[in-house]
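Engineer: quick one: sequence and predicted model below, then my questions.
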Amino acid sequence: MEQFEGVSLLGRISYAIMCAENYLITIHPDRDWRPLFKLLWSICDEGTFWDEWASEVLEVLPEYLFEFPTFEQSDFDHLDETTYNTMKSLLKDHDAGTDALLEGIRDMEEAYAYTEIDGIGKESLRILEDIIEVLEKAEVQLPDPKEVAFSSFEECNGRGDSFDFHFLSTVL
């Protein structure tokens, strides 16, 4: 995890999203993952409020997405019926790895919500280590950590500056 110590929280989250892309396109290569990753990558956009992003991501976590059998029975604040149906179709046969990756991505942001990042952000490193472990156990190729090294922990009190993420994504 030493290679991520100088990487901002946004860089670490980006690496986690890259891991999720590799995992999901490996286990379900026939699915169009763009709607899910458009949401996840939006954290990198300038002007994105991270707490709002986390609320939107919460609603697509399988634990919440499949809590109710129909959209009408659910009480989502961010998902419309079309997006709900799209996400349910994409994640219909989710596994423990998918759940851990998506929850981990959101948890990395939530670990420092409304607070300062202490030290080098050890909690986000621990979560990222768990995410990497999911890929290793599934024998899925890990992204190159050097791809996010540009996003310095010195930027924005450890959170990192917004950036155009498209060069990192294999899905979008």
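Structural biologist: Yes, it's here.
Engineer: now do the helices in the chain.
Structural biologist: All helices of the chain, identified by DSSP state H, fall at 9-27, 34-41, 50-58, 62-65, 81-90, 96-110, 122-138.
Engineer: hey, which of these is tucked in deepest?
Structural biologist: helix 9-27 (a mean of 23; mean count of other CB atoms under 10 Å). C-beta: built from backbone N, CA, C; applies to glycine.
Engineer: which helices and strands does that one pack with?
Structural biologist: Helix 9-27 sits against helix 34-41, helix 96-110, helix 122-138, with contacts defined as 3 or more CB pairs under 8 Å, 6 or more residues apart in numbering; DSSP states H and E.
Engineer: which one, of the ones you listed, ends up nearest to Glu5?
Structural biologist: Nearest to Glu5, of all those, is helix 122-138, at 7.3 Å by CB to CB.
Engineer: quick check, central residue of the protein?
Structural biologist: Ile105 (3.5 Å; CA atoms, centre = their mean).
Engineer: nearest residue to Glu103 other than its sequence neighbours?
Structural biologist: Leu61 (6.0 Å; CB to CB, 6 or more residues apart in numbering).
Engineer: for that neighbour, grab the count of nearby residues.
Structural biologist: 19 (other CB atoms under 10 Å).
Engineer: ditto for Ser169
Structural biologist: 18.
Engineer: Provide a list of residues in contact with it.
Structural biologist: Ile17, Met18, Glu21, Phe37, Trp41 (CB atoms under 8 Å, 6 or more residues apart in numbering).
Engineer: turn those residues into JSON lines, columns for pLDDT and distance to Leu135.
Structural biologist: Output for the contacts of Ser169, formatted as JSON lines (pLDDT from 0 to 100; distance: CB to CB, whole Å):
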{"residue": "Ile17", "pLDDT": "98", "distance to Leu135": "13"}
{"residue": "Met18", "pLDDT": "98", "distance to Leu135": "10"}
{"residue": "Glu21", "pLDDT": "98", "distance to Leu135": "11"}
{"residue": "Phe37", "pLDDT": "98", "distance to Leu135": "16"}
{"residue": "Trp41", "pLDDT": "98", "distance to Leu135": "18"}
